[in-house]
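Chemist: have a look at this prediction, sequence included:
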2 protein chains.
Amino acid sequence: MTSQDAERPEAVGTSRRSKLTPEREQEFFDAVLDQLRSCGYDAVTMEGIAASTRCSKSTLYRQWKTKPQFVAAALRSNRRVRFTDIDTGSLAEDLRQAAAAAGEGMGKDTGLLQALGHAVMEDPELKGALREALVEPEIAALRAILARGVARGEVPAGHPALEYVPAQLFGMLRMRPVLEGEQADAAYLVRFVEAVVLPALGLP
Amino acid sequence: MTSQDAERPEAVGTSRRSKLTPEREQEFFDAVLDQLRSCGYDAVTMEGIAASTRCSKSTLYRQWKTKPQFVAAALRSNRRVRFTDIDTGSLAEDLRQAAAAAGEGMGKDTGLLQALGHAVMEDPELKGALREALVEPEIAALRAILARGVARGEVPAGHPALEYVPAQLFGMLRMRPVLEGEQADAAYLVRFVEAVVLPALGLP
DNA sequence: GTGTACCGATACGGTGGAGTACCGGTACAC
DNA sequence: GTGTACCGGTACTCCACCGTATCGGTACAC
């Protein structure tokens, strides 16, 4: 219960006005993201977050001016790319691993994408944070995988199926729950890659 | 403006208590659907719908007990399938036409799907209405197209890419706006079908 | 020890939407 | 013509949330 900061090496000489530790801040963000995923954007309330993290609304409003800014900050805190480490030397295998990685951990990010749906339309800051935190890094990493495959000569440059690969992966991830009522897990996505993506690219 | 019922054969002997004509009812539903598409579920308010259709909240609440029930009724009124008329005798051409049809008119339905995102989680009635009105009919029609192709021998039965076709189409429709910021129009979807779906099925 | 500045709690004003209640008008039945 | 039942309008209660203000407690600086 008490402030369990122990030592916090980065916050020594610098002028950190807020006494909130980064860990504490992350607690807020995690609460926001959980709430977003489970109940949608409108269900994220400053009062709810304050209550569930045992802080006060004042504290939240001291750090972030408005709710959209708060949510945007939480999104940015979530930035982390899953596809960057993938580089097996074979495009087919890279794509399989990307599919597996997507299935493993990305139900979460897809949930966020879903939750923010229309809220994004109205607040440009939210929109920017969403793209910056979730969409663009993953897309870029995926395109890098594809570019390496092209550079190795596995697929001819400009192959018409190339441009659709990222959207296909994300699309399947997003649509399977809607169409079939089941999560798009790693096994499903790997099967999809092997049944559709690889053949479309002319790979075995 | 006046009650333009003319004749309404179904409402003769039976006890139709409400004096609302079906056309009037459809006005309400259209307002709900428009609002859903443009601003999301939480933006649909009984007061807003009442105002924009020049009826009174009382009227709405006389017909439907709660807002979710009202929205569900509106969804069900929207049921209409777009893919059923497609049957050119060639699977490739059928899929091209389906893609075009999807691009033409279905930004609308996809908008609904998006708008209802999480609201669906909380109200089973809404969830049922959504599936019943939007998801299942289109999927079924698409599967029928595929089954005809299989029956004609254009694609071997059990081809692994078959099961993914509906999700692919819906997925692209849904993800392009997110990933590229542009609508997935008919031309885009037809190109996608030709670049990915047909090759994956082993069609020219 | 003293000061300062932040934290957590709580109370408050303001807004907006869900439902409800009531009322006058009117179309249709008979 | 009279009655009935529904429609549209409006006013109302209730409630949840945003964002602000105020206050006591306390950790840390010096």
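Modeler: Thanks, I have the structure now.

Chemist: residues near the residue of chain A at minimum distance from DNA strand C, how many?
Modeler: Residue nearest to DNA strand C within chain A: residue A:56 (3.1 Å; Cβ to the nearest atom of the strand). C-beta coordinates here come from the backbone N, C-alpha and C atoms, glycine included. As a burial measure, residue A:56 scores 12 neighbours (other Cβ atoms under 10 Å in any protein chain shown).

Chemist: check the one 5 residues further on too.
Modeler: Other residues near residue A:61 number 14, with proximity taken as other Cβ under 10 Å.

Chemist: spell out which parts of chain A neighbour DNA strand C.
Modeler: For chain A, the residues in contact with DNA strand C (Cβ under 7 Å from any atom of the strand) are A:17-20, A:24, A:50, A:54-59, A:62-63.

Chemist: could you redo the last one with a cut-off of 6 Å?
Modeler: Contacts of chain A with DNA strand C, taken as Cβ under 6 Å from any atom of the strand, map to A:17, A:18, A:19, A:20, A:54, A:55, A:56, A:57, A:58, A:59, A:62.

Chemist: count of residues packed around the nearest residue to the residue of chain A closest to DNA strand C once chain neighbours are set aside?
Modeler: Spatial nearest neighbour of residue A:56, chain neighbours left out: residue A:50 (5.7 Å); criterion: Cβ to Cβ, 6 or more residues apart in numbering or on different chains. A total of 18 residues lie near residue A:50 under the criterion other Cβ under 10 Å.

Chemist: ok so, going back, quick check: the gap between the residue of chain A closest to DNA strand C and chain B.
Modeler: Using Cβ to the nearest Cβ, to the nearest Å, residue A:56 is found at 26 Å from chain B.

Chemist: just the buried ones out of the residues of chain A next to DNA strand C, please.
Modeler: Applying 16 or more other Cβ atoms under 10 Å in any protein chain shown to the residues of chain A next to DNA strand C, the neighbour count classes A:20, A:55, A:59 as buried.

Chemist: sitting in helices, which of the residues of chain A next to DNA strand C do you find?
Modeler: With helices taken from DSSP state H, the overlap with the residues of chain A next to DNA strand C comprises A:57, A:58, A:59, A:62.

Chemist: need those residues in a markdown table with pLDDT and distance to residue B:194, can you?
Modeler: Output for those, formatted as a markdown table (pLDDT from 0 to 100; distance: Cβ to Cβ, whole Å):
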| residue | pLDDT | distance to residue B:194 |
| --- | --- | --- |
| A:57 | 95 | 54 |
| A:58 | 94 | 58 |
| A:59 | 94 | 55 |
| A:62 | 93 | 55 |
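
Chemist: possible to save the residues you listed as JSON lines with distance to residue A:130?
Modeler: Shown next, in JSON lines, are those (distance: Cβ to Cβ, whole Å):
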{"residue": "A:57", "distance to residue A:130": "24"}
{"residue": "A:58", "distance to residue A:130": "27"}
{"residue": "A:59", "distance to residue A:130": "25"}
{"residue": "A:62", "distance to residue A:130": "24"}
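
Chemist: tell me the two of those that are most distant?
Modeler: A:57 and A:62 (9.5 Å; Cβ to Cβ).

Chemist: look up how far residue A:154 lies from the residue in chain A that chain B sits nearest to.
Modeler: In chain A, the residue that lies nearest chain B is residue A:171 (2.1 Å; Cβ to the nearest Cβ). Distance of residue A:171 to residue A:154, computed by Cβ to Cβ, to the nearest Å: 23 Å.

Chemist: residue A:56 now?
Modeler: Taking Cβ to Cβ, one finds residue A:56 at 57 Å from residue A:154.

Chemist: and residue A:38, by the same measure?
Modeler: Taking Cβ to Cβ, one finds residue A:38 at 41 Å from residue A:154.

Chemist: and residue A:185, by the same measure?
Modeler: Taking Cβ to Cβ, one finds residue A:185 at 27 Å from residue A:154.

Chemist: residue ranges of each domain in chain A, please.
Modeler: Chain A breaks down by automatic domain parsing into domains covering A:18-77, A:91-201.

Chemist: closest to DNA strand D out of those?
Modeler: domain A:18-77 (3.4 Å).

Chemist: please see if that closest one touches DNA strand D.
Modeler: Yes. With Cβ under 6 Å from any atom of the strand as the criterion, DNA strand D is reached by domain A:18-77 at A:45, A:46, A:47, A:57, A:58, A:61, A:66, A:67.

Chemist: wait, isn't residue A:167 in contact with residue B:174?
Modeler: No. Between residue A:167 and residue B:174 there is no contact under Cβ atoms under 8 Å: 9.1 Å.

Chemist: against which helices or strands is the helix or strand hosting residue A:200 packed?
Modeler: When elements are assigned from DSSP states H and E, residue A:200 belongs to helix A:198-201. On a contact count with 3 or more Cβ pairs under 8 Å, 6 or more residues apart in numbering or on different chains; DSSP states H and E, helix A:198-201 meets helix A:91-105, helix B:198-201.

Chemist: change it to 7 Å
Modeler: Helix A:198-201 is packed against helix B:198-201, with contacts defined by 3 or more Cβ pairs under 7 Å, 6 or more residues apart in numbering or on different chains; DSSP states H and E.

Chemist: and chain A, which residues reach DNA strand D?
Modeler: A:3, A:5, A:45, A:46, A:47, A:57, A:58, A:61, A:66, A:67.

Chemist: would you map the strands across chain A?
Modeler: Using DSSP state E, no strands are found in chain A.

Chemist: give me phi/psi at the residue of chain A closest to DNA strand C?
Modeler: Dihedral pair for residue A:56: phi -110, psi 150, per degrees, to the nearest 10.

Chemist: residue A:156: how many residues sit nearby?
Modeler: Residue A:156 is flanked by 11 other residues according to other Cβ under 10 Å.
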